[in-house]
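Undergrad: Everything below, folded, please.
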Amino acid sequence: MTLEVIHLRKALKFCMLDDTRAFSALKREAYEDRRRLEVPEDRGGDFFAPFWSDAKAHAVFGTDLLTETAGRINVHRGRARLYPILAARFIEWWRQFSGAMNEPLVPLNESVHARYDFGELGITIKVDNLLCFQIDRDRHRLIYPYFSEEPSISERWARVGLWIMHQALSDFRIQDMVILDVQRGRSFTVRDIDLRGDEEAIFTDRMTILRSLWDSIMDEAA
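TA: Here you go, the predicted structure:
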């Protein structure tokens with residue numbers, strides 16, 4: 001179910017919503033979960049996945065993201081409002097990000113993904129579909145996308161997200177990890193925001209409340 005095995009980006013979004021909006025958002029997710037189970041052939045899919053695939057191709061291979069975005073919109077007109085915004089923000093962010101590097105970014109051949117279990121909460125966080133580069137033998141850039149119109153990711157929750165990334169991807173240095181708020185074209189690293197040591201407590205406290213809301217939704221639906 002949604003809150004038991006959840007993408008990091010969705011967990012961060014739910015955590016930043018107040019209780020009333022979080023309850024509504026979780027209820028919508030529960031409805032979509034049931035719909036997928038009842039109509040398995042109509043899975044829909046992640047709205048942002050095609051865009052992120054094109055964005056990664058732009059960064060790795062230099063493909064024209066604006067052209068790819070136009071093609072995606074032709075296939076699905078529901079993308080016409082957000083996809084051009086995402087494309088423009090990503091192109092500008094990537095230009096600045098890659099331009100600031102003094103060394104070449106080599107696409108990482110291996111797939112980087114992991115899950116991190118919060119056993120006491122009964123929640124597993126998925127960290128996957130990253131844009132990954134190697135700088136030298138020991139240094140990388142692991143870019144994780146956050147997609148949401150609202151709320152934008154705050155510095156407080158960006159540092160929580162970076163902490164979770166490091167717990168999940170412990171073979172890599174936290175200094176190499178990046179969370180990108182794609183729609184705002186803003187990225188966060190530990191060079192921008194210092195971790196304070198309270199990230200686990202912040203996440204656990206908030207997810208405990210969200211887990212309670214989720215359980216009440218499940219009881220209501222039973």
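
Undergrad: What separation do you get for residue 12 and residue 182?
TA: Using C-beta to C-beta, to the nearest Å, residue 12 is found at 13 Å from residue 182. All C-beta atoms are positioned from the backbone trio N, CA, C, and that covers glycine.

Undergrad: Check the contact lists of these two and give me the overlap.
TA: Shared contacts of residue 12 and residue 182, defined by C-beta atoms under 8 Å, 6 or more residues apart in numbering, comprise residue 146.

Undergrad: So which residues of the protein form strands?
TA: Per DSSP state E, the chain carries strands over the ranges 5-7, 106-107, 114-118, 123-127, 131-134, 140-146, 177-181, 186-188.

Undergrad: Counting by contacts, list what the longest one packs against.
TA: Right, the one you point to is strand 140-146. The contact analysis (3 or more C-beta pairs under 8 Å, 6 or more residues apart in numbering; DSSP states H and E) places strand 140-146 against helix 8-16, strand 131-134, helix 155-168, strand 177-181.

Undergrad: so what's residue 51 up against?
TA: Residue 51 is in contact with 69, 72, 79, 83, 86-87, counting by C-beta under 8 Å, 6+ apart.

Undergrad: Just among those, which is most surrounded?
TA: Greatest neighbour count in those, by other C-beta atoms under 10 Å, goes to residue 69: 25 neighbours.

Undergrad: which residue packs closest to it, ignoring adjacent ones?
TA: Counting by C-beta to C-beta, 6 or more residues apart in numbering, residue 69 lies nearest to residue 87, which is 4.4 Å off, once chain neighbours are set aside.

Undergrad: could the helices and strands packed on strand 140-146 be laid out in a markdown table, adding mean neighbour count and mean pLDDT?
TA: Output for these, formatted as a markdown table (neighbours: other C-beta atoms under 10 Å; pLDDT from 0 to 100):
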| stretch | mean neighbour count | mean pLDDT |
| --- | --- | --- |
| helix 8-16 | 22 | 97 |
| strand 131-134 | 20 | 97 |
| helix 155-168 | 21 | 98 |
| strand 177-181 | 24 | 98 |
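
Undergrad: which parts of the least confident helix or strand in the chain by mean pLDDT are buried?
TA: In the chain, no helix or strand scores lower on mean pLDDT, DSSP states H and E than helix 19-38, which sits at a mean of 86. Going by neighbour count (16 or more other C-beta atoms under 10 Å), the buried part of helix 19-38 is 22-23, 25-27, 29-30.

Undergrad: coming back round to it: could I get the strands of the chain as a markdown table with distance to residue 63?
TA: Formatted as a markdown table, these follow (distance: least, C-beta to C-beta, whole Å):
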| stretch | distance to residue 63 |
| --- | --- |
| strand 5-7 | 25 |
| strand 106-107 | 13 |
| strand 114-118 | 27 |
| strand 123-127 | 25 |
| strand 131-134 | 13 |
| strand 140-146 | 17 |
| strand 177-181 | 18 |
| strand 186-188 | 21 |
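
Undergrad: Sounds good, over and out.
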